[in-house]
Every structure is written in structure tokens, then in C-alpha cells.
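1. fold the following, please.
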Amino acid sequence: MPQIKRSIADYDGEDEAHDKLRAAADFNGPVEDRYCTDLLMLVLLCLCWAGMTAIGAYAVHNGDYRLVLYPLDYDGNVCGADLNDRDMTEYPYLYYTNAVGGVCVKECPSLVGQTADNATDLYTLVTYTGVYQSTNGLATVPADLVQVADYSYTLNITDTANNVNVGDLGNLSITLLNTNNFQCTEDLCVGNSLEASWKTLGINRGFGFAYYLGDSFPLFQRCFLTTEARDQIANLTNAAGDANDLFKDVISTSGDLEIANDFISNLYGDLWATRLYIMGFGFGVSLIVSLLYMVLLRIPVLLSALIWFSIFGVIGMFAIAGWFTSEKAAEWEAADPPVVGEKQANVTKIIGYVLYGIAAFLVLLAICMRKQIQLAVMCVKKAGAAVNDMVLIFAIPVLQGLGFLAFTAVWAWYSSHLASLGTITLETMDVPLTDYAVPVRTYEYSEDVRKLGWFLLFCFFWTGSFILAIGEMVIAMAVSKWYFTAERRLITQHLPFAALWSTIVYHLGTCAFGSLIIAIIKMLRAIMAYIKKQISETSNEKLANCLFCCCQCCLCCLEKCVEFINENAYIQCAIFGTPFCESGRKAFYLILRNAARIGAVSYVSAAVLVVGKLFIAALTTFLAYYTLTEHLELEVWSFGGPIAMIFIISYFVADMFMDVFDISILCVLHCFIADEEMFDGQARYADGNLKEFVDKHGGVDG
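-> Just a heads-up that it's a prediction; the model follows:
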């Protein structure tokens with residue numbers, strides 16, 4: 001293997017903690033003569049993928065994902081599958097007849113154009129034994145509009161146990177009591193009015209063996225009623241007014257379940273009704289707003305105002321919190337008679353003083369680190385300039401996302417099959433307000449299957465971190481090349497793709513090395529969470545839970561520290577072409593020698609990123625809310641679900657852009673410090689205001 005020439009920079013002594021970089025005579029930016037780094041780690045990652053593939057092949061051959069993902073009907077049959085004596089292949093959807101169970105149907109019924117309100121037919125009922133239409137002649141849809149699987153085998157069930165033979169699932173005993181054969185009659189399911197039908201034994205206020213036919217939409221092979229259908233049922237049957245009387249005595253048992261079911265159904269209905277707006281605003285509008293925000297970051301006045309506003313805003317929040325706490329303590333002390341104890345008032349007063357102290361400390365810190373903060377502001381500006389000179393750099397996170405989605409699809413396919421290898425049993429769950437039960441799935445796994453599951457989880461952590469590391473390496477390589485190019489007009493838009501090629505050819509091993517460390521820490525956190533869950537289920541040991549929480553906190557801090565060092569190691573590798581360990585060591589000592597400046601830049605960049613993400617998400621969400629209220633005010637139960645989903649999606653889109661900016665800021669600072677060290681405090685490649693600042697102040701010592 002050829003050895004890399006140390007022609008870019010080296011240390012002039014043995015003490016790396018204090019010796020600064022020295023530039024070679026022929027220094028001309030990031031090294032061109034690269035070689036493959038950390039090949040062993042890349043081989044290990046490939047072996048990990050090979051192991052995952054072998055496990056996946058075994059799971060696919062021996063398992064069936066349908067046991068995990070497909071819905072169960074009230075009698076334990078898997079909708080859309082032929083896994084027992086009753087073939088449900090042609091009936092892949094579950095139509096809920098109560099809050100916890102339902103029947104398999106061929107398609108989710110759509111009543112648009114079928115009824116006057118396009119939402120409901122309250123005289124057509126979907127029951128445990130099929131479709132029932134009232135004999136009063138008021139049913140308006142064809143009886144075959146919704147096609148239910150054949151449940152005629154249940155007609156002879158009366159007060160006895162039903163032994164359901166479900167093939168590979170084993171022989172399971174499910175007790176169905178006092179069902180009256182699950183057959184509707186006018187008295188059992190319809191009554192003499194719509195309001196009376198809601199309280200019949202069949203409907204049983206949403207907990208019976210029958211339910212009204214309503215307009216629905218499919219989601220995860222479940223049929224959920226639209227918001228219009230649910231509202232129409234509630235209004236015509238007075239279900240909402242009956243709820244208070246119904247749950248007065250049973251709220252602790254069935255009421256919570258019904259409320260949760262209503263909430264989930266309404267939420268799904270709202271998300272379905274606004275799906276086009278969610279996709280349009282969540283991805284489209286947020287993308288446009290993100291691009292506009294990146295343009296704004298190039299305007300010096302706005303960027304400086306944003307940064308200083310963030311700094312003084314944090315100080316102001318601590319000061320205001322201190323004032324509010326002190327005022328509240330004074331109010332409590334002056335109260336006659338006392339409203340709180342003297343101890344609580346004193347503790348509150350102390351907290352106020354502490355908050356004042358933090359605010360004062362931050363003011364002093366800002367004054368003492370004003371030069372470092374000014375340097376940080378300039379690094380942020382230069383990062384914005386770099387990103388704008390290489391707009392195609394935003395394609396890198398998009399490629400990362402596509403790669404992660406592709407891997408996740410394969411991983412999820414393997415995992416779902418592996419999950420079906422457990423011993424799957426059915427346990428009965430009592431239906432509230434009735435004396436019958438429905439089956440629910442439970443899973444028990446052998447020790448071998450558990451170990452395979454842990455291995456798949458480790459593969460997921462390692463590969464996910466690996467994909468992120470590739471993006472960080474590519475951005476670092478592109479921005480470092482931009483920084484060390486004297487003639488910026490020579491920078492072309494294809495530079496990010498050239499950096500991607502160099503990363504793939506030479507430095508995938510380094511990315512695998514850094515991501516392996518992150519994956520190990522994530523794995524430890526997952527194991528700790530699993531152990532904590534096991535202890536919580538078997539005992540209520542508060543001390544053990546507290547210790548596990550402390551361990552999780554420490555591991556989280558360790559993970560963040562390692563991620564920061566990894567990012568700087570990738571930048572070192574991008575500039576000098578060195579392996580991970582050497583790059584990490586150099587990055588660590590570089591950070592150590594310039595702790596104040598790097599801390600200031602990290603603080604300022606974090607403020608910019610947080611404000612930017614919140615600004616993009618908030619603006620997108622506001623525009624979406626205004627549009628939804630103008631066009632869909634009467635078509636949804638609540639705007640809360642769609643608005644929350646739009647905010648989450650737009651925040652992640654903004655996060656994708658801001659992550660590029662984050663790595664670019666860190667890389668500009670890293671390059672500037674290396675530039676300054678290599679040329680005895682004279683940053684040769686710093687341009688514009690950054691160079692003027694350095695010349696004026698003679699460098700900013702950490």
C-alpha cells in the first residue's frame with residue numbers, strides 16, 4: 001500500500017497537544033494523492049451486511065410477514081392471508097365493528113355517490129356474520145356494496161368455547177359468550193329509531209358485534225371511517241350526548257378505550273382528508289422556504305442581527321425567568337394568610353437568584369469572548385457563501401435520504417419476517433360493556449431469534465450512521481476544497497459530486513470506522529433500555545430505574561461527544577487524507593488548542609440552526625394553517641393532527657438543509673484554524689471580511 005506524503009502539513013515536534021501545524025512548501029489545498037483508508041473496517045461492514053442478508057434469507061424462507069403486519073379479525077383469522085382452514089386471501093381489509101375488533105372485507109366501502117350525504121347508511125350494518133340491512137326499507141345502498149368474508153361457521157356458537165384451528169399458530173381457545181349467534185334482527189340492532197339503535201345489543205354504543213356502514217378509507221389494511229361519516233353517525237344517533245351518561249360509571253375501564261379509539265379514528269380521518277395539503281406543504285412549501293432562508297443567510301446585516309439576537313435572547317430568557325421567579329417568591333412572602341410554605345418561598349427565591357447569576361455569567365462570557373463570537377459570525381457567513389457557490393451540495397442529503405430509505409426497506413422486510421418466527425399465540429381481550437372477547441396477538445421468541453434480532457438492530461445502527469458519515473465526509477471535502485481555492489470563481493457546481501467520488505473510492509473505510517463507534521454506543525443504549533424495561537415489568541425498583549436513567553444520560557453525552565469528534569476527524573481526513581485514528585487524534589488536539597473559538601462557533605452555529613429550523617417549520621405551518629382554515633374548515637374534525645404532521649415534516653426538511661450548513665460552518669472554522677496555524681497566524685486562504693478581521697486583530701488566540 002503506498003504511503004501518503006505528508007506534504008500538506010505536519011507537526012514540528014512530538015507534543016501534538018501544543019505543537020501547531022506547519023505547511024509544506026508546496027501546499028496547495030487538500031491532498032490530491034490519496035489512498036484507501038481503514039479498509040479493514042469497510043470489510044467488517046460488508047461482512048455485517050452479508051450476515052444481515054443471510055439472516056434475512058433464512059427469515060424470508062421460514063417466516064411470513066403477514067403474521068405480523070396483516071390485521072386479525074374478531075375470530076383470529078388473518079385478513080388477506082390463507083394461514084388456516086379459512087382462506088381470507090380475497091378479503092385483505094379489516095372493517096371495525098367495535099373499538100377492538102372487526103371483520104375482513106374485500107374493499108373498504110366508499111359511499112360517495114351512494115347516499116344522500118355521501119357518508120353513511122345507518123340502516124345497513126356490518127356485523128360479525130356479514131351485512132345486515134333493516135327490513136324497514138330505509139337502507140339506500142346495495143347489499144353487496146361491502147363484501148364481507150364468509151363467517152357462517154360462527155352461526156352455531158352459543159355459550160361455548162370456540163377452538164380455533166389456525167394451522168401454524170396452534171390450537172387456541174377463545175371464549176365467546178352470549179353472542180346470540182352474532183346475527184342481527186330489528187330488535188337486536190336497529191330498534192325503533194336511530195337513537196335507539198345506538199343502544200341496542202348489536203351496536204352497543206360502539207362495543208357490539210355490529211356497526212353502521214360508513215364512508216371509509218384504507219390505511220395499513222384497516223378501514224377507518226372518514227371524519228364526515230363519524231360526525232354524521234354521532235349527530236344522527238346522539239352518540240356524543242349519550243357518552244357522558246354511558247361512561248359515568250365505567251370511565252376507568254371502557255371509557256378510556258372508546259376515547260382513544262375515537263381520537264385515533266378522527267386523527268386518521270383528518271390526515272387522510274388533508275393528505276394532499278400535508279404532502280404539498282410538508283415537502284414542497286418547506287423546500288421553497290428553506291431555499292429562501294439559505295439566501296437570507298447570505299445577507300450580512302440579517303445574519304448578524306439573527307446571531308446577536310439569538311445570543312442576547314438566551315441571556316434575556318434567563319434574566320426574565322429570574323425576575324418572574326423572584327417576583328413570585330416575593331408575592332408568596334407578602335401573602336397574608338400564606339399560600340405556600342416558607343421553605344417553598346425560600347427555594348423559589350434562591351432559584352431566582354441562580355437564574356440572575358446565570359444571566360450575568362452569560363453577559364460576562366459574551367463580553368470576554370466577543371472576538372471569538374465575531375469570528376464565529378464570520379465563519380457562519382463564509383459557510384453560507386460556500387453553500388451558495390455549490391448549490392448542488394444540497395443533493396448530498398437527498399442522496400443520503402434515498403440510500404437510507406432503500407436500506408430501511410430491505411431491513412424492514414428482513415425484520416418483519418424474522419419477527420414472524422416467534423411463537424405467536426392468541427390471547428383473549430374482553431370487549432368493554434359486553435360478555436364476549438376478541439383475540440389479540442402476542443409473541444414469544446426463542447433465544448436464537450432474539451440474538452438474530454439484536455444483530456439486525458446493530459446492522460441498522462451501523463448502516464444508518466455510515467450513511468450519515470458519508471454525507472459529512474463529502475460535504476467536508478467539498479467545503480475544504482472551496483476554502484483552499486484562492487480563485488473562488490474557479491469553483492464549479494460539480495465539486496460536491498467530485499468529493500462524493502473521492503469519498504467512495506478512498507474513504508468509505510474511514511466512514512465505516514467512525515460510524516462503528518457510534519453504532520456500538522447506540523447498541524449499548526438499546527440494551528440498557530431493554531434491561532430497564534424488563535426490570536420495570538417484573539418489579540417496581542425505583543433505584544434501579546434511576547441508575548439506568550443515569551447510565552442512559554451518560555451514554556447520550558458520550559454519543560454526542562463522539563459525534564463531534566467524528567465530524568472533525570472527517571474534516572481532517574478530507575483535507576489531509578489520513579486514516580480515522582490519525583485524523584481523530586489530530587482533530588482532538590486541534591480542538592484542544594482552540595477550545596474557546598470552537599466553543600463559540602458551536603454556540604453561534606447552534607443558535608443559527610435552531611432559529612433557522614424553527615423559522616422554516618413555523619412559517620410553513622402558518623401558511624398551511626391559513627390555507628386549511630380557508631378551504632377545509634368544515635371537512636375535518638380538528639386541524640391539530642394535520643398541522644402537527646406538517647410541522648414535523650417541514651422541520652425535518654429544514655433539518656436536512658441546516659445539517660449541510662452545520663457541517664459547512666464547522667469545516668470553514670477547521671480550515672481557518674489549520675490555515676492560521678500553518679502560516680504562523682496569517683490565514684493565507686481566508687478571504688474578504690474574515691481575512692480583514694484576522695489582519696486587524698492579529699488572530700484570535702484561544
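2. wasn't residue 655 part of a helix?
-> Yes: assigned with DSSP: H, G, I helix; E, B strand; the rest coil, residue 655 falls within a helix.
3. so what's it closest to, chain neighbours aside?
-> residue 613 (5.8 Å; C-beta to C-beta, 6 or more residues apart in numbering). From N, CA and C alone the C-beta is placed, and that goes for glycine too.
4. show me the shaky parts of the stretch 451-600 of the chain.
-> Within the stretch 451-600 of the chain, the segments meeting pLDDT under 70 span 488-489, 537-541.
5. can you give me the helices in it?
-> Shown for the stretch 451-600 of the chain, the helices assigned by DSSP state H, counting those that start in this stretch span residues 495-506, 508-538, 542-576, 580-593, 595-631.
6. so after the worst-scoring helix or strand of the chain on mean pLDDT, what's the next helix or strand?
-> Ranking every helix and strand in the chain by mean pLDDT, DSSP states H and E puts strand 171-175 at the bottom, with a mean of 32. With elements assigned by DSSP states H and E, the helix or strand that comes after strand 171-175 is helix 194-197.
7. report the contact partners of the residue nearest to residue 655.
-> By C-beta atoms under 8 Å, 6 or more residues apart in numbering, residue 613 lies in contact with 651, 654-655, 658.
8. can you pull the contacts of the residue sitting furthest away from the middle of the chain?
-> Computed with C-alpha atoms, centre = their mean, the residue of the chain farthest from its C-alpha average is residue 136, at 51.1 Å. Residues in contact with residue 136 (C-beta under 8 Å, 6+ apart) are 123, 186, 190.
9. mind doing that once more with 7 Å?
-> Contacts of residue 136 were listed using C-beta atoms under 7 Å, 6 or more residues apart in numbering, and they are residue 123.
10. tell me the spacing between it and residue 189.
-> 12 Å (C-beta to C-beta, to the nearest Å).
11. do residue 486 as well
-> 83 Å.
12. repeat that for residue 378.
-> Distance from residue 378 to residue 189, by C-beta to C-beta: 75 Å.
13. ok, back up a step: so how far is residue 293 from the residue nearest to residue 655?
-> When residue 613 is compared with residue 293 (using C-beta to C-beta), they lie 9 Å apart.
14. residue 318 contacts residue 361, doesn't it?
-> No: assessed by C-beta atoms under 7 Å, residue 318 is found out of contact with residue 361, at 9.0 Å.
15. quick one: which of the two has more around it?
-> residue 318 (19 against 12; other C-beta atoms under 10 Å).
16. what's the helix or strand for the more buried one?
-> Per DSSP H and E: residue 318 is located in helix 300-334.
17. that helix: which residues count as buried?
-> Neighbour counts using 16 or more other C-beta atoms under 10 Å place 303, 306-307, 310-311, 314-315, 318-319, 321-322, 325-326, 328-329, 332 of helix 300-334 among the buried residues.
18. next secondary structure after it?
-> Next helix or strand after helix 300-334 toward the C-terminus (DSSP H and E): helix 342-368.
19. flag every buried residue along that following helix.
-> Buried residues in helix 342-368, counted by 16+ other C-beta under 10 Å: 345, 348-349, 351-352, 355-356, 358-359, 362, 365-366.
20. just put those residues in CSV and tack on distance to residue 92 and pLDDT.
-> CSV is the format used below for the buried residues of helix 342-368 (distance: C-beta to C-beta, whole Å; pLDDT from 0 to 100):
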residue, distance to residue 92, pLDDT
345, 64, 75
348, 60, 79
349, 65, 82
351, 58, 83
352, 62, 83
355, 58, 85
356, 64, 88
358, 59, 87
359, 61, 86
362, 59, 82
365, 62, 79
366, 62, 76
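21. need the max-distance pair from the contacts of residue 613.
-> The span of the contacts of residue 613, defined through C-beta to C-beta, is set by 651 and 658 at 9.8 Å.
22. quick check: residue 101 touching residue 74?
-> Yes: between residue 101 and residue 74 there is a contact at 3.7 Å, judged by C-beta under 7 Å.
23. for residue 96, give me its contacts.
-> 102, 211.
24. so what's it bridging to?
-> On the basis of DSSP bridges, residue 96 takes part in beta bridges with residue 102.
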